[in-house]
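S.K.: Based on what follows, work out the 3D shape:
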Amino acid sequence: MSDGLTGALERRGARVVRRAFPRYTEDVHAALIKDALHGRLGESAHGMAVLFALDRLGAKEKLAADLASADVLLLDRYIASNAAYLAARLRQSAAGEGVTWVRELEIDRFGIPVPDAQILLRVPSDVAGRRRTVHSRLRHPRGDSSRRLASPAVRVVHPFYDNAAR
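M.R.: Take a look at the predicted model:
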């Protein structure tokens, strides 16, 4: 879905670098995330949040290099996604302790860069459902946990970075 944004920026002469998390083929933590999403690990919401954070920590040097060489760095499923995931799993709002916990872990403790801007792509539910169904069949044969989390997650992502700037 970010192809259109990337193309528009590049047509304007911007150097764009795109990255996505988790980095399933690049990081041991992401491999564990994949196992957990396939139901092969326990059900610890905080444990999953730590794995997501460790995956980004492992990419910290690459992100710094990308920031130095690109005009725009587009990141799919960045820190706010982790906050949204944890808040949804804990059934909390953006004001809940889970969001604060992720911010303190990833930004304050690990020093993961805070983005200058965040874009939340609002996708019609029928389109998201089709994409999720295909994604679920390909990657999550035992069931897609993100299906249960989508609605609470959208409510949490938006205010996350405003809180991080404090």
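
S.K.: From here on, just use CA atoms for contacts and neighbour counts.
M.R.: OK.

S.K.: Just the pLDDT at Arg40, thanks.
M.R.: On pLDDT, Arg40 comes in at 68.

S.K.: Please disregard the earlier target; I meant Val28.
M.R.: Val28 is given a pLDDT of 74.

S.K.: and it, what is it in contact with?
M.R.: Listed by Cα atoms under 8 Å, 6 or more residues apart in numbering, the contact set of Val28 reads Asp55.

S.K.: 10 Å - rerun?
M.R.: 34, 51, 54-55, 58 (Cα atoms under 10 Å, 6 or more residues apart in numbering).

S.K.: All the helices of this structure, residue numbers only.
M.R.: 3-11, 28-37, 45-58, 60-69, 79-90, 97-103, 125-139, 145-164 (DSSP state H).

S.K.: Lowest mean pLDDT across those, which one is that?
M.R.: Across these, helix 145-164 gives the lowest mean pLDDT, at a mean of 44.

S.K.: Could you give the number of residues near Glu104?
M.R.: 14 (other Cα atoms under 10 Å).

S.K.: I'd say Ala87 and Met48 touch.
M.R.: No - between Ala87 and Met48 there is no contact under Cα atoms under 10 Å: 11.9 Å.

S.K.: Which one's more surrounded, those two?
M.R.: A direct count of neighbours by other Cα under 10 Å for Ala87 and Met48 places Ala87 higher, at 29 against 21.

S.K.: ok, for that one, nearest residue in space, not its chain neighbours?
M.R.: Nearest residue to Ala87 in three dimensions, chain neighbours excluded: Gly98, at 5.4 Å (Cα to Cα, 6 or more residues apart in numbering).

S.K.: what sits against that neighbour?
M.R.: Contacts of Gly98 by Cα under 10 Å, 6+ apart are 45-46, 49, 82-92, 104.

S.K.: any idea how far it lies from Leu67?
M.R.: 28 Å (Cα to Cα, to the nearest Å).

S.K.: Same question for Lys60.
M.R.: For Lys60 relative to Leu67 (Cα to Cα), the value is 10 Å.

S.K.: do the same with Ala94
M.R.: On the measure of Cα to Cα, Ala94 and Leu67 end up 28 Å apart.
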